[in-house]
Structures are given as C-alpha cells and as structure tokens.
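Colleague: Predicted model and sequence below, questions to follow.
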Amino acid sequence: MGCRDVHAATVLSFLCGIASVAGLFAGTMLPNWRKLRLVTFNKNEKNLTVYTGLWVKCARYDRSSDCLMYDTKWYSSVDQLDLRVLQFALPLSIIIAMSALLLCLIGMCNTAFRSTVPNIKLAKCLVNSAGCHLVAGLLFFFAGVVSLTPSIWVIFYNNHLNRKFEPVFSFDYAVYVTIASSGGLFMTSLLLFLWYCACKALPSPFWQPPVLPHSQHA
C-alpha cells in the first residue's frame, strides 16, 4: 500500500466525518429529544404532546403541526440533567470533530500537492500526512465518546423519569440521529487507524519527517 498517495480510505473517512458532523449538528438543533404525552379521557378535548429539545420546547395537539406553545428560552431553564449535559457535550463534540476534519484535510492536501523534489526546509517540519491522519483519528474517537455517552444516558434517564413520575415520557428520534452520528465518528476513526497501521509497515517512521541522505544536504 503506497501510503505516500491519497487513498480511498482517507477520502472515505473524510466524507464519513463530514456526514457525522452534519448529523451531530442536526441532532443538536432538533426539538425532538424527549416527548411528554398527556392523554385525556374527555372526548371533547385532544391529547397533548410536549416535544422537548436542547434549546426549545414545543407543545402541540394530536394530528396538528402547529405548536400551541413554543418556548424559545427553554435552553436557559432546562430542568432535566441529561439534556443539560448534552447542551455542552454535543457542541464540544462538534468542535473536536471539525478540528479532526481540518487535520484530515491538511493531511490529504499535503499528500496530494507534495512536491516530488525533496525540500530540506519541509523535511524539518514536524507536520506530515500520516501524523495528521493519526491525530485526526484520535480526535474523531474522542468526539464520538463525548457525543455517544450522554446520548445513551438519555435512554436510561427517560426510564428514571417514568419511575419517578408517571410513564408518560419517551425519547424521540433526535437520540437515534445522534447515536448514529457518533457511530459514524467511530467508523471514521477506524478507517484512519487502519490506514495508519498499513502505512506503519513502511521502512520509514511516517509520523516523523523524512530523513534526507547526507548527499542531498551538500
């Protein structure tokens, strides 16, 4: 495997990382993390469902698309611990993943536009393609842990709320979106690690700058 070239593994990991970050952003903004369903036995009234997000809250009647109540200041008065943790964890995960994407892009550009003529000044630089991809893989893995852990906690905390109050709480599809996006971050990290392990078999340590022969220093 000629790891001095841009390969499908690095390109696929970059695209997978972009899709995962987009999914995390969507999950962060969706007002569908938790549902509180209030059922009435009065035939003259409609059942009410309260949709809770990380930043807003919406209450609507069954078979209605309009919000009866839309609370835009919910983000400052969140009284559920799991959602409060997610308010910090998901933006942090997005920032970490975007940093990893930037490193991955730098690594691919450094590989694609690298000059075939050795450059002593560039040889002394500690930044190279494999090093960028290795650090990016670690960052993607860390971003996945940061986003996945509190997202799974929502499921268990939902059961806690049902036991504490009444079984009227259920988690919504934003949980699935975020968990799937976190899985995408782990997949991105795995692809980069596989690429790096294949490159590690080469004779030169690719996480360090290439060493030029003495004849080229003259």
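Modeller: Everything's here; your move. Numbers count the residues shown, from 1 in each chain.
Colleague: CA atoms for contacts and neighbours, from now on please.
Modeller: Fine.
Colleague: Quick one: name whatever helix or strand follows the longest helix along the chain.
Modeller: Selection of the longest helix in the chain by residue count, based on DSSP state H, yields helix 129-164. Scanning forward in sequence from helix 129-164 by DSSP states H and E, the next helix or strand is strand 169-171.
Colleague: Could you tell me which residues within that following strand count as buried?
Modeller: Buried positions in strand 169-171, judged by neighbour count with 16 or more other C-alpha atoms under 10 Å: 169, 170, 171.
Colleague: distance of the residue nearest to residue 83 when sequence neighbours are not counted from residue 19?
Modeller: Leaving aside its sequence neighbours, residue 83 sits nearest to residue 54 (C-alpha to C-alpha, 6 or more residues apart in numbering; 5.9 Å). Between residue 54 and residue 19 the computed distance is 21 Å (C-alpha to C-alpha, to the nearest Å).
Colleague: Neighbour count: those two, which is higher?
Modeller: residue 54 (26 against 15; other C-alpha atoms under 10 Å).
Colleague: Tell me the spacing between that one and residue 28.
Modeller: Residue 54 is 7 Å from residue 28, where distance means C-alpha to C-alpha.
Colleague: residues bridging contact with these two, i.e. touching both?
Modeller: Residues touching both residue 54 and residue 28 (C-alpha atoms under 8 Å, 6 or more residues apart in numbering) are residue 87.
Colleague: Surely residue 139 is in contact with residue 97?
Modeller: Yes. The pair residue 139 / residue 97 is scored as a contact, 6.5 Å apart, by C-alpha atoms under 8 Å.
Colleague: Please identify which of the two sits among more neighbours.
Modeller: The residue with more neighbours, out of residue 139 and residue 97, is residue 97; 27 against 23, by other C-alpha under 10 Å.
Colleague: ok, back up a step: SS state for the residue nearest to residue 83?
Modeller: coil (DSSP: H, G, I helix; E, B strand; the rest coil).
Colleague: shaky segments in this structure?
Modeller: Counting by pLDDT under 70, the chain has low-confidence residues at 1-7, 111-128, 199-218.
Colleague: Helices of that one, residue ranges please.
Modeller: 8-29, 81-112, 120-123, 129-164, 173-199.
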